[in-house]
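# sequence and predicted structure below; questions after.
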Amino acid sequence: MTSPEDRRKFLKVGSIAAATGFVGNLLGRNANAQEPMKHSDMRHQDNMPQPIGNPASRPEIPESVEVAAEYDGFSRFKPSRGLDPDSDYYIGKLVPGFRKASDGPAPFEAPDIPVLPYKMEGGVKVFELVSMAVQQEFHPGVKMNVYGYNGSMPGPTIEVTQGDRVRIVVTNELPEDTFVHWHGFELPVQYDGAATLTQNPIKPGKTKVFEFDIHEEGTFFYHSHVAMQEAFGQVGWFIVHPKKVFGPPVDRDFGLLFQNFHIPPTHTISDSWAMDWNWHTINGKSGPYTTPLVCKHGERVRVRLLNFAPMQHHPIHLHGHTFWVTGHEGARIPKSAWVPRNNELVGVAQASSFEFIANNPGDWIFHCHMIHHMMNHMVKQVGPRIRDDASVDQYLANLSSRPQVDASLGDKFATPGYPQKMLGMEMSDDFMKAIWSRKEVRGMRANYPMSVKGLMTVLRVLPDDLYELVMNSDQPVEKGAVFAEIVRRFGDPSAYEPAPKMMM
Ligand SMILES: [Cu+2]
């Protein structure tokens, strides 16, 4: 099979066979399992959301690109490793995306963070950055007073191409001195922004101009070089696309910027002296208010993770996929040294790039594995160890008559280490409205917002027709419908229990 036309034919048939075979394998049945289930097969038919989209739709490989569905036993459309760990295609290592390298780099996309516009002046890209206090909504209605740039925390993304010359005009609207450091750049020393070592402070109300050539490529960032201002949120992406797109080209280039704070209950201002950091954000929001990363089944995805927590390292875990660590901050790692991982520790001020083929449809949680980070230290639940019928609200309503904790060995306490209850977090109507108002979450399970409430987001891998439905249509989508449809097509609907309908 050498001619491109032969291969296309193979792909059309091969991907159908692959998908059918996958379902067959998963169910341990014959390939007919792909056919719609009979009514009597569906235990949960009654409350299963109605079918949506086009179940016959198969992922399509664009005519214009030289890619395949399978490489050395690795399939871009079903969970698979490939055959030989030394193969270039093992775990999808060098399997290309659908985007051609000649189309240039995939646009960088950091959900919930604006891009900083620039204007060209005599061949120089000129950006204006304003250091200022901002109010940032960590959760719906939970507005925190932090520091950022241009009304945003994190600051807006600076996005350029290797070889550009940039001029960044920084104005200080803070009530105190500031410095800005361009983290990772090899630039003339007087523009480095290191407090007092290389420059005088930018005084309140004053402006300083930075100008330098960008000869590197990679994931960089800018941040205040005053420690407590960093801890108050002053950071932003500085993405440099390579002049020549590296192979294999990716279809998606996402960014997740992790920060944390110590904000005591009932406060809106972080205590930057604290050691116990209890609020965690991704791109300025805490889960489940973080906006999911949405991609199409079979695409090659890069996620750049920047840990700008002042004090804590994060073991970052993605479900359903094995990813390759392909770079840290300002350098791409040579392919021979890429490492496949399920969990990667991203240290303070480190940025790591994960690449993988999104070959497993579904809603996959993407989170820090430290339980207090993924739970925001249970900020709302802070208080006594409440069990049985006593609630935190009862406790908070009247501190002088706090409910007694019965530590005797009742039926529940017969289990050593019975932990405090964590579900049932406070979720008002307004909270839920804000969570569900974003197109990226359409069709997720009704109780997905109860998963965790901190350092987590979701990677959604959607078949083409469901991607269009969720991201590009105005058609109403019932809660849980997209998830149920993926279970119908790729999983085992007879064993699926739909989420209970939420009261909100
Ligand atoms: Cu963490």
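Okay, I see it. Worth saying up front: this structure is predicted, and the values here are computed from it rather than measured.
# OK, contacts around E299?
Applying C-beta atoms under 8 Å, 6 or more residues apart in numbering to E299 gives the contacts 97-98, 250-252, 357-358. (Glycine included, C-beta is placed from N, CA and C.)
# strands of the stretch 151-300 of the chain, start to end?
With DSSP state E, counting those that start in this stretch as the criterion, the stretch 151-300 of the chain has strands at 158-161, 165-172, 180-183, 207-213, 218-224, 235-241, 252-261, 279-282, 293-296, 300-307.
# and E216, how many neighbours does it have?
17 (other C-beta atoms under 10 Å).
# do you know how far it is from the ion?
Per C-beta to the ion, to the nearest Å, E216 is found 28 Å from the ion.
# can you check Q475 too?
37 Å.
# spell out which parts of the stretch 201-350 of the chain neighbour the ion.
Within the stretch 201-350 of the chain, the positions near the ion by C-beta under 5 Å from the ion are H314.
# give me the number of residues near whichever residue of the stretch 201-350 of the chain sits closest to the ion?
Using C-beta to the ion, H314 is the residue of the stretch 201-350 of the chain that sits closest to the ion, at 3.4 Å. Counted by other C-beta under 10 Å, the residues lying close to H314 total 24.
# and it, what's its pLDDT?
pLDDT for H314: 94.
# any idea how far the closest residue to F258 other than its chain neighbours is from F108?
Spatially, and ignoring its direct neighbours in sequence, F258 is nearest to N307 (4.9 Å; C-beta to C-beta, 6 or more residues apart in numbering). The gap separating N307 from F108 is 18 Å, by C-beta to C-beta, to the nearest Å.
# repeat that for V452.
26 Å.
# contact partners for V170?
Going by C-beta under 8 Å, 6+ apart, V170 touches 129-131, 180, 202, 207-210.
# ok, and the most crowded of the residues you listed?
In those, the most neighbours by other C-beta under 10 Å go to V180, 27 neighbours.
# the lengthiest strand in the chain packs against which elements?
Assignment by DSSP state E gives strand 124-139 as the longest strand of the chain. Where contact means 3 or more C-beta pairs under 8 Å, 6 or more residues apart in numbering; DSSP states H and E, strand 124-139 is packed against strand 118-121, strand 142-149, strand 165-172, strand 279-282.
# dump it to CSV, restricted to CA.
Provided in CSV are the C-alpha atoms of strand 124-139 (Å, rounded to 0.1, in the frame of the first residue of the first chain):
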residue,chain,number,x,y,z
VAL,A,124,8.9,46.1,16.5
LYS,A,125,5.9,44.4,18.2
VAL,A,126,4.9,46.9,20.9
PHE,A,127,2.9,45.7,23.9
GLU,A,128,1.5,47.8,26.8
LEU,A,129,1.4,46.2,30.1
VAL,A,130,-0.2,47.8,33.2
SER,A,131,0.7,46.5,36.6
MET,A,132,-2.4,46.9,38.8
ALA,A,133,-4.7,45.6,41.5
VAL,A,134,-7.6,43.5,40.0
GLN,A,135,-10.6,41.7,41.3
GLN,A,136,-10.6,38.1,40.1
GLU,A,137,-13.6,35.7,40.4
PHE,A,138,-12.1,32.4,41.6
HIS,A,139,-15.5,30.8,41.9
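# for it, buried residues please.
The neighbour-count check on strand 124-139 (16 or more other C-beta atoms under 10 Å) flags 125-132, 134, 136, 138-139 as buried.
# and of the residues you listed, the nearest to the ion?
Nearest to the ion out of those is F138 (C-beta to the ion; 15.9 Å).
# wait, R300 sits on G97?
Yes: using C-beta atoms under 8 Å, R300 is in contact with G97, at 3.4 Å.
# which stretches of this protein form helices?
Counting by DSSP state H, the chain has these helices, from start to end: 4-27, 227-231, 371-374, 392-397, 429-436, 464-472, 481-490.
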